[in-house]
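> Pasting a predicted model and its sequence here:
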Amino acid sequence: MNPIFAADDARIAALADSLIAACNGFHARNWVPATGGNFSARLDDGHMLITASGVHKGELTRRDFLVADLDGRPLEAGRKASYETGLHTQLYRFDPAIGAVLHVHSVANTVLSRRHDAITLRNYELLKLIPGIMEPSTPVTIPVFANDQDIAALSRRVDAHMQEQTGLPAYLIAGHGLYTWGATVRDAKHRLEALEFMLECELWNGGKNHE
């Protein structure tokens, strides 16, 4: 293992701690039940820190993270990255400015993504947390991709969509959950919290924007 990725590396420890803190908040909101969800942060142009496979997201420690390259291969022998690592690596390869990727399974995003092919949000003040949105009246549409256990195929569909329509830092997988990203863990966390609030409002509203 490369010595710059030693377990006691201060930068890696700090990133792990920031992801743990974010996840503790998500778990308290019931957005990451049991082992659901996965979280990562970019380390450099070729590596990321990501949650290991099968770990409980309400009980994370630093040892529940591993370093992998952007092909999803863990640097430490015997470790297994999240099953959905390919969706993280697609984002890091797509845009070098992406520094963190967060994925949660809330009730609101799961139910709405099963009902609609896309979710359009409008007239929410929190839309201003989305890059390029200055007026809450501007509609923002979150794409919904069909769930697929072939992560490589799913990541290719996501990539093709993003090549055509860039800018929105989020997408949904039907019946599965929300992916959000940002330049830092903090940025991604703020966007995720804003989107989850609006999705919960949409659920309570009966999804009338999507009739």
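Cool, got the structure.
> Break down the chain into its helices, ranges please.
10-28, 85-94, 107-115, 151-164, 185-204 (DSSP state H).
> looking at those helices, which is buried most?
helix 85-94 (a mean of 22; mean count of other CB atoms under 10 Å). Placement of C-beta: from N, CA and C, glycine included.
> Tell me where this protein is predicted with low confidence.
Along the chain, segments meeting pLDDT under 70 span 1-8, 207-211.
> Name the residue closest to the centre of it, please.
What sits nearest the mean C-alpha location of the chain, by CA atoms, centre = their mean, is Leu102, with 2.6 Å.
> and that one, what are its bridge partners?
Per DSSP bridges, the residues bridged to Leu102 are Phe39, Thr180.
> who's in contact with it?
Going by CB atoms under 8 Å, 6 or more residues apart in numbering, Leu102 touches Ala22, Phe26, Gly37, Phe39, Tyr179, Thr180, Trp181, Val185, Ala188, Lys189, Leu192.
> which of those lies closest to Pro131?
When the contacts of Leu102 are compared for distance to Pro131 (CB to CB), Trp181 wins out at 10.9 Å.
> The closest one touches Val101, doesn't it?
Yes. Shown here, Trp181 and Val101 form a contact pair, counting by CB atoms under 8 Å, at 4.6 Å.
> what is in contact with these two at once?
Residues touching both Trp181 and Val101 (CB under 8 Å, 6+ apart) are Leu91, Ala188.
> hang on, the earlier thing: can the helices of the chain go into TSV with extra columns for distance to Pro74?
Listed next are these as TSV, based on distance: least, CB to CB, whole Å:
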stretch	distance to Pro74
helix 10-28	14
helix 85-94	9
helix 107-115	28
helix 151-164	16
helix 185-204	20
